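Student: could you look at this predicted model? Sequence included:
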Amino acid sequence: MSNDRNLLIIQSSGSIYTNNVRYSPLEFSYYYLKEMLENVMGFHETYIARAQGTTIQPIDEQQILSDAVNDLENVFPKFCNDL
């Protein structure tokens, strides 16, 4: 259906799920979406950029945005190269 299409997901989350900490096993949204989009809907590749820790006190908005921009800058060229 969409075999030649890639998908970029931009996601925000209140916690941080990617640091192999206590909550890491609870990060299922990306894996679920990836499986559904690639294996059911037929997308070629699924990429994700994240803004994490949006509810962890104290909230450091600048750090969250900086990390999200870095994540997007890392993933976007891969997404574009696979087009």
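Tutor: Looks like it arrived, so ask away.
Student: which ones are touching residue 65?
Tutor: The contact partners of residue 65, taken as C-beta atoms under 8 Å, 6 or more residues apart in numbering, are residue 51. For glycine as for every other residue, the C-beta is placed from the backbone atoms N, C-alpha and C.
Student: helix or strand: which one has it?
Tutor: Taking DSSP states H and E as the definition, residue 65 sits inside helix 61-81.
Student: enumerate the positions of that helix that are buried.
Tutor: When neighbours are counted by 16 or more other C-beta atoms under 10 Å, the buried residues of helix 61-81 are found to be 64, 67, 68, 71, 72, 75, 79.
Student: how far is that helix from where the chain is centred?
Tutor: Helix 61-81 has its average C-alpha position 10 Å from the chain's average C-alpha position, going by C-alpha atoms, centre = their mean, to the nearest Å.
Student: using CSV, write out every CA atom in it.
Tutor: Listed in CSV are the C-alpha atoms of helix 61-81, where the atom choice follows Å, rounded to 0.1, in the frame of the first residue of the first chain:
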residue,chain,number,x,y,z
GLU,A,61,11.8,24.0,28.9
GLN,A,62,15.0,25.1,27.2
GLN,A,63,16.7,21.7,27.8
ILE,A,64,13.7,19.8,26.6
LEU,A,65,13.5,21.9,23.4
SER,A,66,17.2,21.6,22.9
ASP,A,67,17.2,17.9,23.3
ALA,A,68,14.1,17.6,21.0
VAL,A,69,15.8,19.7,18.3
ASN,A,70,19.0,17.6,18.5
ASP,A,71,16.9,14.4,18.2
LEU,A,72,15.1,15.9,15.2
GLU,A,73,18.4,17.0,13.6
ASN,A,74,19.7,13.5,14.0
VAL,A,75,16.7,11.7,12.6
PHE,A,76,15.6,14.0,9.8
PRO,A,77,18.6,13.4,7.5
LYS,A,78,18.0,9.6,7.8
PHE,A,79,14.3,10.1,7.1
CYS,A,80,15.2,12.3,4.0
ASN,A,81,17.9,10.0,2.7
